[in-house]
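**Student:** Provided below for reference: sequence and predicted model.
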Amino acid sequence: MLIELNDILKDKSKREFIADYLRNGKIMVYPTETVYGIGCDAFNEPAIRRTFELKQRSVNKPFIILVKDRAMLEEIAADIPPVAERLMKRFWPGPLTIIFRTRPNISKLLTANTGKIGTRQSPYPLIESIFTVYDHPVVSTSANISDRMPATCISDLPTNITDKIDLIIDGGKISSTPSTVIDVTGNAIRYVREGIIKNSTIERFLYDRDKSI
């Protein structure tokens, strides 16, 4: 099934339809502010497993999840260090993924059995609109076969995904730059992936001569 992004933004019933799909363990391809993603309910183990299978992704590679707000993050993260608080205040909602230690109830599939999960709050209108009617975090992994280029438009999607996916949301052509990923679970932050937000930008924010972590 394919739905246009503008139709979802204009029609609450379509957002509720998507929410029902997610509650029932369905998987969708959807646009974000970075690239197209594959998403499902982050608390639904069978849907998570199916997402791995669709991407042909190793279970040793964890997924990123999207949260609505701080309250939803607290359902996921075991603790939120002060440096993460500062980064969230400055860069969320936005394309910064922060890796936190997880609570024990979080699927080991999501974390690749590491006890950590990459999490971000997205400013993209579709995501914000879905969270007005949905109360669980959503998986956000690039819409591609593992280790291949992520999709920036619907025509980029490989047929072995489009033939098996439950729902595709068409948001047209979007950016091809992924989110920046940092890990705050150690004694110092660790840069995992440089994306839209440059590592140097984060460094300047955190280590300005008039500030400290």
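**Tutor:** On my side now, so go ahead.
**Student:** Can you name the residues that contact the closest residue to residue 112 other than its chain neighbours?
**Tutor:** In this structure, residue 112 finds its nearest non-sequential neighbour in residue 62, 4.1 Å apart by Cβ to Cβ, 6 or more residues apart in numbering. (C-beta placed from N, C-alpha, C; glycine too.) Neighbour list for residue 62: 110, 111, 112, 114, 116, 117, 118 [criterion: Cβ atoms under 8 Å, 6 or more residues apart in numbering].
**Student:** was I right about residue 160 contacting residue 145?
**Tutor:** Yes. Counting by Cβ atoms under 8 Å, residue 160 touches residue 145, with 7.3 Å between them.
**Student:** who has more neighbours, those two?
**Tutor:** residue 145 (15 against 12; other Cβ atoms under 10 Å).
**Student:** tell me the helices in the chain, going along the chain?
**Tutor:** 5-10, 12-23, 45-55, 70-76, 82-91, 108-111, 125-130, 159-162, 199-206 (DSSP state H).
**Student:** Same list, these, but as a markdown table with distance to residue 193 and mean pLDDT please.
**Tutor:** Listed next are the helices of the chain as a markdown table, based on distance: least, Cβ to Cβ, whole Å; pLDDT from 0 to 100:
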| stretch | distance to residue 193 | mean pLDDT |
| --- | --- | --- |
| helix 5-10 | 26 | 94 |
| helix 12-23 | 26 | 95 |
| helix 45-55 | 17 | 95 |
| helix 70-76 | 20 | 95 |
| helix 82-91 | 14 | 96 |
| helix 108-111 | 17 | 93 |
| helix 125-130 | 20 | 95 |
| helix 159-162 | 22 | 90 |
| helix 199-206 | 9 | 94 |
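**Student:** quick one, which of the ones you listed is nearest to residue 172?
**Tutor:** Proximity to residue 172 (Cβ to Cβ) singles out helix 5-10 among those, at 7.3 Å.
**Student:** now for that closest one, which elements pack on it?
**Tutor:** helix 12-23, helix 125-130, strand 167-170 (3 or more Cβ pairs under 8 Å, 6 or more residues apart in numbering; DSSP states H and E).
**Student:** Give me the neighbour count for residue 30.
**Tutor:** 24.
**Student:** Now it: closest residue in space that isn't a chain neighbour?
**Tutor:** Here the residue nearest residue 30, using Cβ to Cβ, 6+ apart, is residue 169, at 4.3 Å.
**Student:** Spatially central residue for this structure, please.
**Tutor:** residue 140 (3.2 Å; Cα atoms, centre = their mean).
**Student:** So it sits against residue 36, correct?
**Tutor:** No. Using Cβ under 8 Å as the test, residue 140 is too far from residue 36 to be in contact (10.1 Å).
**Student:** number of nearby residues for residue 81?
**Tutor:** 18.
**Student:** That one contacts residue 184, doesn't it?
**Tutor:** Yes. Contact criterion Cβ under 8 Å: residue 81 and residue 184 qualify, at 5.2 Å.
**Student:** coming back round to it: look up phi and psi at the residue nearest to the centre of the chain.
**Tutor:** For residue 140, the backbone dihedrals are phi -140, psi 90 (criterion: degrees, to the nearest 10).
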